[in-house]
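K.L.:
here is my input; please provide its structure:
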Amino acid sequence: MLSFALLLLSTNVPSEWLYRASDLLARCTSGFAADEGRCRGYISGVYDTVRAYEEWQSAREICTPSKVTDLELRNTFVDFVSSHPDDLQAQAASVVVLALRDKFSCRGAPRIRQPPKIGP
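P.N.:
The predicted structure is shown next:
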C-alpha cells in the first residue's frame, strides 16, 4: 500500500520542485517558531495523508498511539534522519513515511527501506 504511495512520490518531477529531507530537517531544527510550525505542519500533513490512504485501502501500516502529537511526529523524523544521514537528499515526504514506519510499525507490515532520491 505505502509502496504505491512512495512510487507516486518518485515519479519524474523536476528535482527543484521537490522538498528534500535536509530542507525539512533545517526547518525542524532552526530554533525559529515559524520554521517549527512549518516543520510540524508538513509532517502532520504527510501523516494525515498516509492515514487517509490506509483508510481507503482498509489496511494499517503505521500504528501510532491514539493521541500522538505533532511534536512526537516531528521528533520521530528528526531522530530518524539523525541515524540515517544518507536519506537527507531524498524526498522529505518519503523519509517522513520511513521514519513513521520505523518507529510505529504495525506487526507484519512489509517494509520499504529506500526512499526515492532527488536529482542527480
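
K.L.:
CA only for contacts and neighbour counts going forward, please
P.N.:
Will do.

K.L.:
and the longest helix along the chain, what does it pack onto?
P.N.:
Among the segments of the chain that qualify as a helix by DSSP state H, the longest is helix 33-57. Counting contacts by 3 or more CA pairs under 8 Å, 6 or more residues apart in numbering; DSSP states H and E, helix 33-57 packs against helix 21-28, helix 70-83, helix 92-104.

K.L.:
and the second one, what does it pack against?
P.N.:
Okay, so that is helix 70-83. Using 3+ CA pairs under 8 Å, 6+ apart, helix 70-83 is in contact with helix 21-28, helix 33-57, helix 92-104.

K.L.:
redo those helices as TSV? Include mean neighbour count, mean pLDDT and distance to Pro65.
P.N.:
Compiled in TSV, the helices and strands packed on helix 70-83 are given as follows (neighbours: other CA atoms under 10 Å; pLDDT from 0 to 100; distance: least, CA to CA, whole Å):
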stretch	mean neighbour count	mean pLDDT	distance to Pro65
helix 21-28	20	96	22
helix 33-57	16	92	13
helix 92-104	22	95	8
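
K.L.:
who wins for proximity to Arg74 among those helices?
P.N.:
The closest of the helices and strands packed on helix 70-83 to Arg74 is helix 33-57. By CA to CA, the value is 5.8 Å.

K.L.:
thinking again about what came up before, show me the one of the helices and strands packed on helix 33-57 that comes nearest Thr64.
P.N.:
Closest among these, using CA to CA: helix 92-104, at 5.4 Å.

K.L.:
restricting to C-alpha, output that closest one in CSV.
P.N.:
Extracted C-alpha coordinates of helix 92-104, given in CSV (Å, rounded to 0.1, in the frame of the first residue of the first chain):
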residue,chain,number,x,y,z
ALA,A,92,11.0,14.8,2.6
ALA,A,93,7.6,13.1,2.4
SER,A,94,9.1,9.7,1.7
VAL,A,95,11.6,10.0,4.5
VAL,A,96,8.8,11.1,6.9
VAL,A,97,6.9,7.9,5.9
LEU,A,98,10.0,5.8,6.5
ALA,A,99,10.6,7.4,9.9
LEU,A,100,7.0,6.8,11.0
ARG,A,101,7.0,3.2,9.8
ASP,A,102,10.3,2.6,11.6
LYS,A,103,9.0,3.9,14.9
PHE,A,104,5.3,3.0,14.7
